[in-house]
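J.: coordinates only, sequence not included:
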């Protein structure tokens, strides 16, 4: 089962919930204030090649030399070779 990270819109605290893919996310309640206004956060994920996480900020990235790659939005890709 995946662990999802949520943020409570009432108290602004984050918490994690272990739930199946079929869980109705509208039933999730904040563990800090019991609020029902919660939103699932976009979490980082690991790729099969190592422990680096993806930068999903968009708009290209810096490859250490000060230049941006316009063809992708990750720190390593097969398209541009960076």
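T.: Cool, the structure landed. Computed from a prediction, not measured in an experiment: that's the story for all the values here.
J.: can we go C-alpha only for contacts and neighbour counts from here?
T.: OK.
J.: what mean pLDDT does stretch 42-62 get?
T.: Model confidence over stretch 42-62 averages 55 on the pLDDT scale.
J.: next one: phi and psi at residue 14?
T.: Per-residue torsions, residue 14: phi -100, psi 150 (degrees, to the nearest 10).
J.: show me the beta-bridge partners of it.
T.: residue 7 (DSSP bridges).
J.: let's number from 515 now, not from 1
T.: OK, 515 is where the count begins now, so the last one is residue 528.
J.: distance check, the residue nearest to residue 546 when sequence neighbours are not counted against residue 544.
T.: The shortest distance from residue 546 to any residue other than its chain neighbours is 7.4 Å, reached at residue 527 (C-alpha to C-alpha, 6 or more residues apart in numbering). Distance of residue 527 to residue 544, given as C-alpha to C-alpha, to the nearest Å: 8 Å.
J.: and those two? which has more neighbours close in?
T.: Comparing residue 527 with residue 544 by neighbour count (other C-alpha atoms under 10 Å), the higher total belongs to residue 544, at 23 against 14.
J.: my read is that one is in a strand, agree?
T.: No - counting by DSSP: H, G, I helix; E, B strand; the rest coil, residue 544 is not found in a strand; it is coil.
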